Every structure is written in C-alpha cells, then in structure tokens.
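# Model the following, please.
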Amino acid sequence: MTTVIKYYLCILFAFTLLFGNNPPLPLYNITNQMHTDLQHGKTLIEKITTTDGSGEHYHGYILIDENIEHVFMAISQLENYPEFMPLVADAEKVLNQNTSNFRYYIELPMGVKYQYQISTIQYESPQSSWLYWKMEDWEENNIEDTWGQWVITPYKNTHLTLVQYQVYTDLGHIPFGFGWIVDFLVVYNLPDVLTNTKRYVESKY
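Reported below is the predicted structural model:
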C-alpha cells in the first residue's frame, strides 16, 4: 500500500471517528408543524440567514417512501445525478490523489453555464447516513463556493425515510441584469432537487 493511500485512509478514519454517525454540518430542529407538513406530503424549504459569506444557504426536508439503504444508494452515486437532478447536464468522476472527486456541469436558460469540482465524505448505517461535499480547487471552476450535505434517517414509526438537505452556494460576481440566475439556480431549483430525488428513488427500487 502506497504512502499516499495510507495517508488518505488515516484521514478518512480520523474523520469517521470524529463525527461517527453525526453529520459534519449542524442540523436545525424540525418543529411539530414541520412534521405535520411533511406527513402531508409537503416539501419544505427554509432560508438560513445566519451564515457567513455572500452566498445563499438553505435547508430542505422531504419524506421518501423507500428504506434508508436505497435512498443513500441513490444519493451517494453522484455520477448518476444527471439522470434526475434538475439543471445538471453532465457529471464526471475524476481521480485526484487516489480519491474520487466529481465535476458538475450546470446549464441554465439563455446559455448560462456553470461548472465546479467537489469532494465528498460519507457515512452509512441503518440508523443514520450522510454525505457531505465541498468545492475543490479546479482551474475551470466558475463559481465562488459551494458546500452542503444530505442526512437521511428512518422516519419514526413509519416505513418512510426522512431526507434533510443543506446547501450553500456563492456564484461570485453576477453581471448587472442577471440577478435572476441566483433565484433560478438556488431558490426555485431547490424544491425540484428534493422532489426529483423522491421520484427517482421511489421509481428505481
């Protein structure tokens, strides 16, 4: 085993020990009203205004009628995101120092395109699974920053799975008159991220 691989495994092992089954980003409490809305089939989106930086930070919640294993399987296969994620035209898996990063290519109306590279760390168990991502250096990145996570858990006293999604996106400089890009990519896109994931998982397994 090479020194690089040993180093990576040590980092991954330390990360898992540090977080265990707890995701690296904090989760916000789900209120009784939110539980009621979720049980009635609603997709919930809330804006987080306490985050440092000039980007947009949101949480999303949805219930999926599948077990946690199948939900995590779909979420963790990032190269398949073009099959169901809105606006994702292509995804490319790349090897970076013996770890797998992913490059995403986003297409918006009026020929607007974004691309960026991320790395991921994940944890899976029957009680709680999560996947965390952050942007990595790549000469062709054309957004300022993005990070986030999926957290999935069995929903109490049901056969459903609760998905909690968190995303921060900073597109960087937006030319005058193109403010719609932020709303289109970050705000209006978020419900579709969750509902498309739900449809994909429930139809696939």
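# Any idea how far stretch 186-205 is from the middle of the chain?
11 Å (CA atoms, centre = their mean, to the nearest Å).
# List the neighbours of that stretch that are in contact with it.
With contacts defined as CB atoms under 8 Å, 6 or more residues apart in numbering, stretch 186-205 is touched by 43, 45, 56, 58, 60-66, 70-71, 73-75, 83-87, 163, 165, 167, 169, 171. Quick note: C-beta positions are derived from backbone N, CA and C, even for glycine.
# Rounded mean pLDDT for that stretch, please.
In this model, stretch 186-205 carries a mean pLDDT of 93.
# export it as CSV, just CAs?
Output of stretch 186-205 as CSV, limited to C-alpha atoms (Å, rounded to 0.1, in the frame of the first residue of the first chain):
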residue,chain,number,x,y,z
VAL,A,186,-30.5,28.4,-5.9
VAL,A,187,-34.1,29.3,-4.8
TYR,A,188,-36.5,27.9,-7.4
ASN,A,189,-34.4,24.9,-8.1
LEU,A,190,-34.3,23.6,-4.5
PRO,A,191,-37.8,22.0,-4.3
ASP,A,192,-37.1,20.2,-7.6
VAL,A,193,-33.9,18.8,-6.2
LEU,A,194,-35.9,17.1,-3.4
THR,A,195,-39.0,16.1,-5.4
ASN,A,196,-36.9,14.7,-8.3
THR,A,197,-34.8,12.7,-5.8
LYS,A,198,-38.0,11.3,-4.3
ARG,A,199,-39.4,10.3,-7.7
TYR,A,200,-36.1,8.8,-8.8
VAL,A,201,-35.7,6.7,-5.7
GLU,A,202,-39.3,5.5,-5.4
SER,A,203,-39.4,4.5,-9.1
LYS,A,204,-36.0,2.9,-9.2
TYR,A,205,-36.2,0.5,-6.2
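# Buried by neighbour count: which residues of it qualify?
186, 189-191, 193-194, 196-198, 200-201 (16 or more other CB atoms under 10 Å).
# Stretch 126-142 too?
Neighbour count says stretch 126-142 has 128-133, 135-136, 141 buried, by 16+ other CB under 10 Å.
# Next: stretch 80-100.
80-81, 84-85, 87-88, 91, 99.
# Over to stretch 28-44?
Neighbour-count burial for stretch 28-44 [16+ other CB under 10 Å]: 35, 38, 43-44.
# Filter the buried residues of stretch 80-100 down to the ones in strands?
88, 91, 99 (DSSP state E).
# could you dump the residues you listed to JSON lines with distance to I181?
Listed next are these as JSON lines, based on distance: CB to CB, whole Å:
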{"residue": "V88", "distance to I181": "16"}
{"residue": "A91", "distance to I181": "20"}
{"residue": "T99", "distance to I181": "31"}
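# what pLDDT does the residue nearest to I68 when sequence neighbours are not counted get?
Using CB to CB, 6 or more residues apart in numbering and skipping the chain neighbours, the partner closest in space to I68 is T161 (5.0 Å). For T161, the pLDDT comes out at 98.
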